[in-house]
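1. Need a 3D model of the following:
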Amino acid sequence: MADAPNHAGLEERLTRAALVHVDARVFALHLIGRGPTKQTRQTDLAFSGIASGSIRAQTSSLTLYQILVEVYRQGRPASARDVARNVRLYPRLDIVEASAEIAVQAAEVRARLGGRPERALQIATALVAGAEVYLTSGSGLRRIAGMHVLNVEDFG
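-> Predicted coordinates for the structure are as follows:
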């Protein structure tokens, strides 16, 4: 479903959803982003809502892999342990483990949408778990059948 941005604030849109899937791009922006931007302010609001319990959220176990690749690319191997702990222990965030069902769904998603395997696995995790909203950033993704897509950069 396509979403028109800015009709409500990001936090309000996420709070109204029964379940939000947070993709790795949003985590990377929040945990290892560089400097304050409107996107990091938005991710701060989203993650505060998750920690408080006002936003019910999940991510894929693949998120950890995707974020740590970025940490290593930035030449910060000493930070990897802290980043991994922050993801695994984030309050009130469910981490959905990969499964055969998710792999099958990911193959279908990738065949239809193209893109990288990581993206297909994130979307498949969201679909299998029944997320209503897929939260992403900087991806250009606008539509997923059966889910609203919200891009952090569309909110200011």
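
2. residues touching the residue lying closest to Phe155 once chain neighbours are set aside, list them.
-> Spatial nearest neighbour of Phe155, excluding adjacent residues (Cβ to Cβ, 6 or more residues apart in numbering): Leu10 at 4.0 Å. C-beta: built from backbone N, CA, C; applies to glycine. Neighbouring residues of Leu10 by Cβ atoms under 8 Å, 6 or more residues apart in numbering: Gln42, Leu45, Ala46, Leu150, Val152, Phe155.

3. do the same with Ala24
-> Applying Cβ under 8 Å, 6+ apart, the residues near Ala24 are Thr59, Ser60, Leu62, Thr63, Gln66, Ile67, Glu118, Gln122.

4. Can you give me the pLDDT of Arg142?
-> Per-residue confidence at Arg142 stands at 83 (pLDDT).

5. That one against Val149, yeah?
-> Yes: using Cβ atoms under 8 Å, Arg142 is in contact with Val149, at 5.8 Å.

6. Could you dump the contacts of Leu10 into CSV with distance to Ala131, secondary structure and neighbour count added?
-> Shown next, in CSV, are these (distance: Cβ to Cβ, whole Å; DSSP: H, G, I helix; E, B strand; the rest coil; neighbours: other Cβ atoms under 10 Å):
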residue, distance to Ala131, secondary structure, neighbour count
Gln42, 18, helix, 26
Leu45, 19, helix, 18
Ala46, 14, helix, 25
Leu150, 11, strand, 24
Val152, 16, helix, 25
Phe155, 18, coil, 20
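
7. from these, which two are the most distant?
-> Leu45 and Leu150 (12.3 Å; Cβ to Cβ).
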